[in-house]
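> One predicted model, sequence on top.
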Amino acid sequence: MGLIVQKFGGSSVAEVEKIRLCAKRARDAREAGHDVVVVVSAMGKTTDRLIELAREANPDLPKRELDMLLSTGEVLSAALMSMALQAMDLPAISFTGQQVGVSTTDSHTRARIASIDANRMRTHLDEGKVVVVAGFQGVNRTGDITTLGRGGSDLTAVALAAALKADVCEIYTDVDGVYTTDTRIVPEARKLDRISYEQMLELASLGAKVMHPRAVLCGRNFNVPIHVRHSHRPDEGTMIVAETPEMEQIVVSGAALKSDIGRVTLAGVPNTPRTAETIFRRVAEDEIFVDDIIQNEIGSGLVTISFTVEHAELADAGPCAQRIVDELGNGTVHIDVGLAKVSVVGVGMRSHTGVAATMFRALGDADVNIRNITTSEIKISCIIDKADGEKALRTVHEAFELSQAPNQTAAAR
Ligand code: ADP
Ligand code: ASP
Ligand code: MG
């Protein structure tokens, strides 16, 4: 007998009938003798609809009030899930994030989990109940409701699993596991049986929506096995686990596309030891999430520094960059919109050469212009025009033969 955390995403709980199917999953786990904690997302597109309503009420979207509003989506699902479980004669109780002690940092709409008090959940689990928790939310030091950023119910689930020392965190979604890339763009993508936390973290950060990056990070930090599965199909899914030596044999494991990227360039700012520090301190003070940073010396004591952000951040990033240039006393700000990022990820890159060449050749053959390149130990990313995004993803997926089983995959040439 163990403890399982099951998380059901928005599309899995879009209607009461679907909630009932998810409730059956929880019942099966109970009947197999496990303690069960269920984490739910808001039903279907509820969060998007709530954001639209908020925009109607106040286009400035005041963040504290937005969190009050958005948190209700998950609360609704939690109450319905608990009712559905009780209707199956299974004792169950629903809670908000606050009620189960999910304490977060202060920042509204993108709070981080600071701690979780597992005692209340434990008491109810010990009484034989299924504990149902509203995902995506917590409470900050001032007692205000916060949310964890879009897709944040994944993080609630993995963090609860860590706090409760669960045996596994099951992420139930509308796809039957983690694929080599998004099957909506590349239908021949292949399902992976296992993937390491590091690779999943890169893929998630680079656009693979199936898991929230911070949820993967939390799983890695607390060693929580994560099992991604289809909510209404029996298939085995994908295990996200610690890296094993044989994973290094596979040069590229997956590819991802992130659309709607903007680039902020501070051109011709002074080339001094404090310039980069000043820029990114100010950017951090404004709580702007930076993706990649690119710096080039342009001579005459000047340097050009660019950073990429998601489009949503541009409203804050543009004015922030202008204030920085004014503070530095020299330079101009340029904003590029309509960019995308295509990436390949694989731990095998550490020990194989030629991966970058294969990727660039494939993109070149497909006539995709590369605007910037960034690399890490296990990924290569190219900033491209958004219009080329899907073509580029299909191209790199094919170039690395990702739809074929790994033992047939050619190493980078
Ligand atoms: P949920 O509502 O359950 O949280 P999401 O929509 O957030 O579900 O994530 C699931 C979606 O992620 C899938 O429908 C799929 O289109 C997308 N996705 C992107 N990349 C991948 C990938 N590599 N593997 C599986 N799904 C992916
Ligand atoms: N409901 C929230 C969202 O749509 C959180 C989640 O689904 O994980 O982003
Ligand atoms: Mg999600």
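Happy to help now that I have it. Predicted, not measured: the structure shown is a model, and the values here were computed from it. Residues are numbered from 1 along each chain as shown. Ligands and ions are numbered 1, 2, ... in the order given.
> How about the stretch 1-150 of the chain: which residue is closest to ligand 1?
For the stretch 1-150 of the chain, the nearest residue to ligand 1 under the criterion CB to the nearest ligand atom is residue 9, separated by 1.8 Å. C-betas here are computed from N, CA, C, even on glycine.
> I'd say that residue and residue 174 touch.
Yes: counting by CB atoms under 8 Å, residue 9 sits close enough to residue 174 to count as a contact (6.9 Å).
> Between the two, which contacts overlap?
Contact with both residue 9 and residue 174 is made by residues residue 231, according to CB atoms under 8 Å, 6 or more residues apart in numbering.
> Mind checking which of the two has more residues around it?
Set side by side, residue 9 and residue 174 give different neighbour counts by other CB atoms under 10 Å, the larger being at residue 9 (25 against 14).
> show me the contacts for that one.
Each residue near residue 9 by CB under 8 Å, 6+ apart is listed here: 41, 153, 171, 172, 173, 174, 231.
> can we see that at 10 Å?
With contact taken as CB atoms under 10 Å, 6 or more residues apart in numbering, residue 9 is in contact with 22, 39-42, 44, 135, 151, 153-154, 157, 171-175, 210, 231.
> Same question for residue 53.
Contacts here follow CB under 10 Å, 6+ apart; on that basis residue 53 touches residue 69.
> do the one 10 residues further on as well
Residue 63 is in contact with 107, 108, 109, 110, 146, 147, counting by CB under 10 Å, 6+ apart.
> Tell me, what's the model's pLDDT at the last one?
What the model reports for residue 147 is a pLDDT of 98.
> From residue 11, how far out is it?
19 Å (CB to CB, to the nearest Å).
> can you tell me which residues contact whichever residue of the stretch 51-200 of the chain sits closest to ligand 2?
Minimum separation of the stretch 51-200 of the chain from ligand 2 (CB to the nearest ligand atom) falls at residue 153, amounting to 3.2 Å. Residues in contact with residue 153 (CB under 10 Å, 6+ apart) are 7-10, 39-42, 47, 73-74, 77, 97, 133-137, 147, 171, 212, 215.
> Give me the subset of those residues lying in strands.
Of the positions in the contacts of residue 153, 7, 8, 39, 40, 133, 134, 137, 147, 171 sit in strands, assigned by DSSP state E.
> is it true that the first one touches residue 169?
Okay, so that is residue 7. Yes: applying CB atoms under 10 Å, one finds residue 7 in contact with residue 169, separated by 7.0 Å.
> Assign a three-state SS to the residue in the stretch 51-200 of the chain positioned nearest to ligand 3, would you?
Closest to ligand 3 within the stretch 51-200 of the chain is residue 151: 4.2 Å, counting by CB to the ion. Under DSSP: H, G, I helix; E, B strand; the rest coil, residue 151 falls in the coil class.
> picking that back up, which of the contacts of residue 153 come close to ligand 3?
With CB under 5 Å from the ion as the criterion, the contacts of residue 153 include residue 9 near ligand 3.
> what about residue 224, is that helix, strand or coil?
coil.
> picking up where we left off before, turn the ones in strands among the contacts of residue 153 into TSV, including neighbour count and distance to residue 371.
Putting the ones in strands among the contacts of residue 153 into TSV (neighbours: other CB atoms under 10 Å; distance: CB to CB, whole Å) gives the following:
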residue	neighbour count	distance to residue 371
7	30	36
8	29	39
39	33	39
40	34	40
133	28	42
134	29	41
137	26	37
147	27	33
171	30	34
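> in the residues you listed, which two residues are the furthest apart from each other?
Checked with CB to CB, those reach their widest spread between 147 and 171, with 18.6 Å between them.
> quick one on the thing from earlier: list buried residues within the contacts of residue 9.
The neighbour count (16 or more other CB atoms under 10 Å) marks 22, 39-42, 44, 135, 151, 153-154, 157, 171-173, 175, 210, 231 as buried among the contacts of residue 9.
> Keep those residues, but drop any that are not near ligand 1.
Intersecting those with the contacts of ligand 1 gives 41, 151, 173, 175, 210 (criterion: CB under 6 Å from any ligand atom).
> got CSV for those residues, with distance to residue 278 and pLDDT too?
Formatted as CSV, the entries for those read as follows, by distance: CB to CB, whole Å; pLDDT from 0 to 100:
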residue, distance to residue 278, pLDDT
41, 40, 98
151, 32, 97
173, 42, 97
175, 43, 95
210, 37, 96
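> how about those in a markdown table, adding distance to residue 317?
Formatted as a markdown table, those follow (distance: CB to CB, whole Å):
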| residue | distance to residue 317 |
| --- | --- |
| 41 | 28 |
| 151 | 21 |
| 173 | 31 |
| 175 | 32 |
| 210 | 27 |
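> Show me which of the residues you listed is closest to residue 268.
For those, the closest approach to residue 268 (CB to CB) belongs to residue 151, at 37.7 Å.
> That closest one is in contact with residue 136, isn't it?
Yes: look at residue 151 against residue 136 with CB under 10 Å: they come within range, at 8.2 Å.
> Identify the single longest strand in this protein, thanks.
strand 254-270.
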